[in-house]
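*Asks:* structure here, sequence nowhere to be found:
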């Protein structure tokens, strides 16, 4: 067999059982027809043999080997068909139903949501599964949220060993001994405060600012010293590695660490002494860093602000820490301005939250308001993350050239093909986006385009199209910079309670500060952790979005037939997606509902175009829709155009 015809990669699927395999180091992909999947499921690492070319000139393939399963556990709904109990998976991309092994059939009833485990799959038969967990009846709030959590590969409860370790730490460190304080910067007298959401329970970060005798300002960014408690090789560390991130759903948080740590021992709660890892900067009148120092510390937060409380103090220029907050806000604006001048790109997306009744049903959908204090905290965190990344990189070079074997948060250049489409698209609208000889864009030119379209009808459309050219930010051992932030060096240091990479960055920073050698096995571990943390972050984001989509669909059940202002959020060959402006709920308007014309998908102009009338439905256009029907199981909403828009 010709080795060149064999490709090894992860396979993705659609709901019809078709497989898709990206060819490494190529834009092309191989399509695998359902009958050639040979029991491969989405995310599996497979070996595929090329077997020909399809009608659309795409390579066709056949799965010859499943190298490793992405997962063996699935969430599904118990259904009875022709007198037989089967499990229909929640994830429509898992294209096969499952049958339960005989000993489990009596334990379930139709309509229940369950967690199953793939045990055996004979050719030509449905796969057999064992029963792991019964969530309850579908449609109930708790059942649906738990189903989302488990479907995305997260678990709620911590193993007993992990909980025990956390409780022992809490007892051991209920008071900070003097010998520990003596090893640290003693910052208990500094005017340290926290700014967080009103419902926050885990306080990762605290701040202080003071004017120095030379007229410069000292800013302290103090981060919970999780690495002091969670040590390499411990049960807590292994669990944090596996979870990699906390997960934020509409009604709860699934923490990375047990709550006795995340909400209490590690959390920088007010009016109590806490261990921190501090990054302290001296900034001149231009908000440039002229001095910096890092080190473990002990702090005493004097005040816990909500974002709104801190904003009220800034607006009134009076209240607790008024002078400090006003000055810090001024510096944050300077930092943001300079960042943008260097090419940082701001895509501010709206977010929502829900007011739920006692049964978890949504009463109200509220758009979150972004205020100056959100940006203030963000800029202080960016400052610390950037400076830690620089320090790490410089010290890694000195210590045996390991600077590209650590943990960075990187953001690659945008996709060249998509940039070319964007440049041509905006040219047709009378704007100009220059690309260099290699087909890439200078971030400053992208910002100039955004300035040019500000307030114009096409602003939303062009910005939405621009977002789609962007790469995803990931964790990686080698630094390539962060395109979106226009930073040469960037990492994540500021949230070790809820992100595992931050915890590792704390350990790396501590090693460099104390001239401790980082061993080869640790460097390999960083690489594995970076890869897993990126995967888990994606799954956590999907879980969050799915919980939001579920509540939006549930909310819209009470509004079927009602009209809403919306914006076109997606264009596909089978129709357009519309997102309502008030609740950010997305639904599909099928191509057959667009009007009395034959509409064709024009990929280059992000539009559906009527053949007879030339009428266009373009990405970012304002439209009026009504909610037609809702499939709560799949969290999908069908919409129709209100007549005046047809």
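*Replies:* Yes, it's here. Everything numeric here is computed off the predicted structure, so don't read it as measured data.

*Asks:* how about the helices in the stretch 501-646 of the chain?
*Replies:* 520-556 (DSSP state H, counting those that start in this stretch).

*Asks:* now swap in the stretch 301-450 of the chain and tell me
*Replies:* 307-316, 322-341, 372-398, 416-428, 443-453.

*Asks:* need the nearest residue in space to residue 512, chain neighbours excluded.
*Replies:* Leaving out its chain neighbours, the residue that sits closest to residue 512 by C-beta to C-beta, 6 or more residues apart in numbering is residue 395, at 4.1 Å. Using the backbone N, CA and C atoms, a C-beta is placed for each residue, glycine as well.

*Asks:* same thing with residue 412?
*Replies:* residue 471 (4.1 Å).

*Asks:* likewise residue 568?
*Replies:* In space, residue 568 is closest to residue 621, 4.7 Å off (C-beta to C-beta, 6+ apart).

*Asks:* what does residue 120 give?
*Replies:* residue 128 (4.5 Å).

*Asks:* how about that neighbour, what does it touch?
*Replies:* 98, 99, 100, 101, 118, 119, 120, 121, 122 (C-beta atoms under 8 Å, 6 or more residues apart in numbering).

*Asks:* domain parsing for this protein?
*Replies:* Split into domains by automatic domain parsing, the chain comes to 3-68, 73-138, 160-342+356-375, 386-544, 560-645.

*Asks:* average pLDDT for the fourth one, rounded please.
*Replies:* Looking back up the chat, that one is domain 386-544. The pLDDT scores in domain 386-544 average 94.

*Asks:* residue ranges in this protein under the pLDDT threshold?
*Replies:* Low-confidence segments of the chain, defined by pLDDT under 70: 1-4, 645-646.

*Asks:* any idea how far the most centrally placed residue in it lies from residue 638?
*Replies:* Of all residues in the chain, the one closest to the mean position by C-alpha atoms, centre = their mean is residue 541, 4.1 Å from it. Look at residue 541 and residue 638: by C-beta to C-beta, to the nearest Å, they are 25 Å apart.

*Asks:* before we move on, the earlier item: state the distance from the residue nearest to residue 412 to residue 415.
*Replies:* In terms of C-beta to C-beta, residue 471 sits 7 Å off from residue 415.

*Asks:* neighbour-wise, which of these two wins?
*Replies:* residue 415 (17 against 14; other C-beta atoms under 10 Å).

*Asks:* from residue 328, how far off is that one?
*Replies:* From residue 415 to residue 328 the distance is 37 Å (C-beta to C-beta).

*Asks:* three-state assignment of residue 202?
*Replies:* Secondary structure assignment for residue 202 (DSSP: H, G, I helix; E, B strand; the rest coil): coil.

*Asks:* contacting residues for it?
*Replies:* 246, 253, 255, 262, 263, 266, 267, 497, 498.

*Asks:* name the nearest of those relative to residue 111.
*Replies:* residue 253 (29.0 Å; C-beta to C-beta).

*Asks:* ok, the closest one to residue 184 distance?
*Replies:* As judged by C-beta to C-beta, residue 253 and residue 184 stand 29 Å apart.

*Asks:* how about stretch 160-175: buried residues?
*Replies:* For stretch 160-175, the neighbour count (16 or more other C-beta atoms under 10 Å) marks 162, 163, 165, 166, 169, 170 as buried.

*Asks:* ok, stretch 195-210 next?
*Replies:* Per 16+ other C-beta under 10 Å, stretch 195-210 contains these buried residues: 195, 196, 200, 202, 203, 204, 205, 206, 207, 208, 209.

*Asks:* determine which two of those are furthest apart.
*Replies:* Spatially, the most separated pair among the buried residues of stretch 195-210 is 202 and 209, at 23.0 Å (C-beta to C-beta).

*Asks:* distance to residue 632 added to the contacts of residue 128, as a markdown table?
*Replies:* Shown next, in a markdown table, are those (distance: C-beta to C-beta, whole Å):
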| residue | distance to residue 632 |
| --- | --- |
| 98 | 22 |
| 99 | 25 |
| 100 | 24 |
| 101 | 29 |
| 118 | 26 |
| 119 | 30 |
| 120 | 32 |
| 121 | 30 |
| 122 | 34 |
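
*Asks:* drop anything exposed from those residues.
*Replies:* Burial by neighbour count, 16+ other C-beta under 10 Å: within the contacts of residue 128 this picks out 98, 99, 100, 118, 121.
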